[in-house]
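[1] need the 3D shape of this:
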Amino acid sequence: MKVIELIDELKNSGQLGELVKLGFVHPSVIVNRNMYHAYNARVVTTGSKMQAMQDVAENFGVSFESVRLARRTMDFEFVRQD
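    Residues are numbered from 1 along each chain as shown. Below you'll find the predicted structure:
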């Protein structure tokens, strides 16, 4: 399972907001999630990964490197124990 899948599950269930409010999850996780989804939408629109990363960086007011890091973090695969 990827980190983004877990974060999306938590967001859809309403638990992500609660975890942020309680201080267990840093608010930057929500920003990184939003950048990740914005990037994927821009890749479809532009057809260019580099252009999509530049567009997202400009739209979110962050560096190109921040978008790259958000993508790498959210794409990270981990083993989930149920």
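[2] not counting its neighbours along the chain, what's nearest residue 76?
    Distances taken as C-beta to C-beta, 6 or more residues apart in numbering place residue 3 nearest to residue 76, at 4.9 Å, with adjacent residues excluded. All C-beta atoms are positioned from the backbone trio N, CA, C, and that covers glycine.
[3] I should have written residue 34 there, sorry.
    residue 60 (7.7 Å).
[4] cool, residue 45 as well?
    Using C-beta to C-beta, 6+ apart, the closest residue to residue 45 is residue 52 (7.7 Å).
[5] confidence score at the one you found?
    If you check residue 52, the pLDDT there is 98.
[6] with residue 82 instead?
    62.
[7] helices of this protein, residue ranges please.
    In chain order, the chain shows helices spanning 3-13, 15-22, 28-46, 49-60, 64-75, with DSSP state H as the criterion.
[8] now render the ones you listed as TSV, adding mean neighbour count.
    Below are those laid out as TSV (neighbours: other C-beta atoms under 10 Å):
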stretch	mean neighbour count
helix 3-13	15
helix 15-22	13
helix 28-46	17
helix 49-60	16
helix 64-75	17
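[9] what sits against residue 79?
    Taking C-beta atoms under 8 Å, 6 or more residues apart in numbering, we find residue 79 in contact with residue 1.
[10] fine by me, we can end here.
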